[in-house]
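**Q** Structure, please.
(one chain, ligands or ions: 1)
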Amino acid sequence: MPGVETQLDYVIVLVRKSANNMVHLLQGGIYLPAEYNHLKGHICLVTGSSRGIGAQIARTVAAAGARTVINYHSSQQQAIQLLGELTEQGYQVMAIQADVSQSREVEAMFAQIETEWGSIDLLVNNAGISLKGLLTETSEEEWQQVMDINLKGAFLCCRRALPAMVRNCCGRIINIASIWGLRGASCESAYAASKGGLIALSRSLAAEMGPSGINVNVIAPGPVETDMLLQELDCDERTALTEDIPLGRLASPDDVASACLFLLSPVASYINGQVLVLDGGWKV
Ligand code: NAP
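**A** Just a heads-up that it's a prediction; the model follows:
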């Protein structure tokens, strides 16, 4: 009865696929079918990926098959823990400590990646800090630190990554900005200015690098549930904010990671110089 055998084989294949998918779901909390390995053969650096949004982006790109570099500054323990988690799942990852605002540390990080794996072709500039307070009470040092990490850090990483991308005629860069970089925000002038600068940098680079086959895009999230938001808003403020968002919830790091995966994937090859706002319809 060949018909029955064929049907049985088909059912077995389906069951196997579902089981694989379930394994991914259980391991990382990410629903990525096994055949969804579309970043295989790529090398991705995610800056500031010891925690929060960056850590989830690292999980997601690693699960999609990219060799993934976890970059951290001070949270070594969390970076090592993430490295262990992803290595255990069979993904290719390394963790490198570097302050993205320091050109020497950025250079050393890229040199290590190139020695061990080769040049990166996917770059996610995610490292960032926030600063809350009146502009009149912001010190020059605080202003400079926000600019150095949020804007100069992305400049340094792009400048170091681009020559190899140009040589290879391909590359994707995603810069994680914020809706405050588009709209401005009371009591967050330095932060908003740094993210506005990052958006301008990204749009300029998209025009400059498009002819070399390199796409540069921005994700501009609204509030995302991470340490950064917990530091800034108390429970009542978060509840009030949630009620204002049409989708009725704050973004999760996974929402940002999924958008990132989309922009890094082959289906997004014609998207360049765009700012993808991810705020649940909050500021439409
Ligand atoms: P988070 O939980 O505070 O994590 C920040 C990450 O950046 C950490 O991994 C931190 O590493 C890293 N970092 C900070 N300074 C660094 C430096 N000098 N060099 C290298 N890495 C550094 O923040 P998050 O919420 O995940 O934010 C990630 C990005 O999303 C930021 O650019 C942020 O502006 C943006 N964003 C966040 C929200 C939000 O509501 N959470 C909204 C819009 C945009 P260490 O801990 O190892 O130092």
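**Q** quick one: pLDDT of Q231?
**A** Q231 carries a pLDDT value of 88.
**Q** Also N37?
**A** 84.
**Q** how near is it to A268?
**A** 17 Å (C-beta to C-beta, to the nearest Å). Just so you know, the C-beta spots here come from the backbone N, C-alpha and C atoms, and that holds for glycine as well.
**Q** The two - which one has more neighbours?
**A** A268 (18 against 13; other C-beta atoms under 10 Å).
**Q** thought that one was touching L261?
**A** No - taking contacts as C-beta atoms under 8 Å, A268 lies outside contact range of L261: 9.3 Å.
**Q** give me the element V100 is part of.
**A** Using DSSP states H and E, V100 sits in no helix or strand.
**Q** which ones are touching the closest residue to it other than its chain neighbours?
**A** Excluding the flanking residues, the one nearest V100 by C-beta to C-beta, 6 or more residues apart in numbering is G153, at 3.3 Å. With contacts defined as C-beta atoms under 8 Å, 6 or more residues apart in numbering, G153 is in contact with 47, 100-101, 106, 125, 127-128.
**Q** tell me the pLDDT at G153?
**A** 99.
**Q** and the residue of the stretch 101-250 of the chain nearest the ligand?
**A** The minimum distance from the stretch 101-250 of the chain to the ligand, using C-beta to the nearest ligand atom, falls at G128 (2.3 Å).
**Q** And the strands in the stretch 151-284 of the chain?
**A** 171-176, 214-221, 275-278 (DSSP state E, counting those that start in this stretch).
**Q** Any chance of the ones you listed in JSON lines with mean pLDDT, distance to E188 and mean neighbour count as columns?
**A** Below are those laid out as JSON lines (pLDDT from 0 to 100; distance: least, C-beta to C-beta, whole Å; neighbours: other C-beta atoms under 10 Å):
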{"stretch": "strand 171-176", "mean pLDDT": "98", "distance to E188": "16", "mean neighbour count": "27"}
{"stretch": "strand 214-221", "mean pLDDT": "98", "distance to E188": "14", "mean neighbour count": "24"}
{"stretch": "strand 275-278", "mean pLDDT": "98", "distance to E188": "17", "mean neighbour count": "19"}
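**Q** got the residues of the protein near the ligand?
**A** 47-54, 71-75, 99-101, 126-129, 149, 176, 178, 221, 223-224, 226-229 (C-beta under 6 Å from any ligand atom).
**Q** Check the residues you listed for burial and list the buried ones.
**A** Buried by 16 or more other C-beta atoms under 10 Å: 47-54, 71-73, 75, 99-101, 126-129, 149, 176, 178, 221, 223-224, 226, 228-229, out of the residues of the chain next to the ligand.
**Q** For S202, grab the count of nearby residues.
**A** Neighbour tally, S202, other C-beta under 10 Å: 25.
**Q** Just the mean pLDDT for stretch 192-210, thanks.
**A** Per-residue scores along stretch 192-210 average to 98.
**Q** Tabulate the CA atom coordinates of that stretch in PDB.
**A** The C-alpha trace of stretch 192-210 is given here as PDB (Å, rounded to 0.1, in the frame of the first residue of the first chain):
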ATOM      1  CA  ALA A 192      16.400  62.400  22.700                       C
ATOM      2  CA  ALA A 193      19.200  64.400  21.000                       C
ATOM      3  CA  SER A 194      21.500  61.400  20.900                       C
ATOM      4  CA  LYS A 195      18.800  59.200  19.300                       C
ATOM      5  CA  GLY A 196      17.800  62.000  16.900                       C
ATOM      6  CA  GLY A 197      21.500  62.100  15.900                       C
ATOM      7  CA  LEU A 198      21.500  58.400  15.500                       C
ATOM      8  CA  ILE A 199      18.600  58.600  13.100                       C
ATOM      9  CA  ALA A 200      20.300  61.300  11.000                       C
ATOM     10  CA  LEU A 201      23.500  59.200  11.000                       C
ATOM     11  CA  SER A 202      21.600  56.200   9.800                       C
ATOM     12  CA  ARG A 203      19.700  58.000   7.000                       C
ATOM     13  CA  SER A 204      23.000  59.500   5.800                       C
ATOM     14  CA  LEU A 205      24.800  56.200   5.900                       C
ATOM     15  CA  ALA A 206      21.900  54.500   4.000                       C
ATOM     16  CA  ALA A 207      22.400  57.000   1.200                       C
ATOM     17  CA  GLU A 208      26.200  56.700   1.300                       C
ATOM     18  CA  MET A 209      26.400  53.000   1.500                       C
ATOM     19  CA  GLY A 210      23.400  51.800  -0.600                       C
END
